[in-house]
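**Student:** next input, structure requested:
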Amino acid sequence: MTNSIIEIIPSKRLKEYLLDHPIQLSVLQQATIVSEYAAKRHKIKLLKQLVEIAKADSEKKLLNTAIAEIKKTGYTGEASNRIYASLFPHEGIPLYPFLEVCNLPVLFHQGDLIGYRNRHYYVAGCPVIKENSDFTDECYYCYDLSVKIESEEDLFAAHKHIHVCEAG
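**Tutor:** Predicted coordinates:
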């Protein structure tokens, strides 16, 4: 994974870890991170960089289609979905392009306290990647410590799924 992609990850702790302990991600895994966290202008630039390193024509076609859609509408849409479905046939998840499981490092554990959007959370569970998982499943199951819990409804209201790329 390139440093320019690591830099768009919101979690300072995960960024630092990845800079010190580089991991290998496929082109589509890197595109997943870019798609989720890069600003539009930066997203186009990074996806173009991924086109340059992509070895497979199918990856290049998907990335170029995504770039064209982002330029036009600001996001990937039907054209990218059609390319993904036709050139990357598979059963189940991910249903759409750029939701690849990245198996990013899990830096926090049950019982840890983490920060997220100026709040503190208790980590009740770590990401569990299963056969039918996608990028959105790489999350910590947490409870917001600022919520007063007096009932099951409060407990539900206090829970939050915080992606490993956002936990700090």
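
**Student:** where do the helices of the chain begin and end?
**Tutor:** Ranges of helices in the chain, per DSSP state H, are 3-6, 12-20, 27-37, 40-53, 57-73, 78-87, 152-158.

**Student:** packed most tightly, which of the ones you listed would that be?
**Tutor:** Ranked by mean neighbour count, these are led by helix 27-37 with a mean of 22 (mean count of other C-beta atoms under 10 Å). (C-beta placed from N, C-alpha, C; glycine too.)

**Student:** what packs against it?
**Tutor:** Applying 3 or more C-beta pairs under 8 Å, 6 or more residues apart in numbering; DSSP states H and E, one finds that helix 27-37 contacts helix 3-6, helix 40-53, helix 57-73.

**Student:** export those as JSON lines, with columns for distance to residue 125 and mean pLDDT.
**Tutor:** Shown next, in JSON lines, are those (distance: least, C-beta to C-beta, whole Å; pLDDT from 0 to 100):
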{"stretch": "helix 3-6", "distance to residue 125": "26", "mean pLDDT": "94"}
{"stretch": "helix 40-53", "distance to residue 125": "31", "mean pLDDT": "95"}
{"stretch": "helix 57-73", "distance to residue 125": "32", "mean pLDDT": "97"}
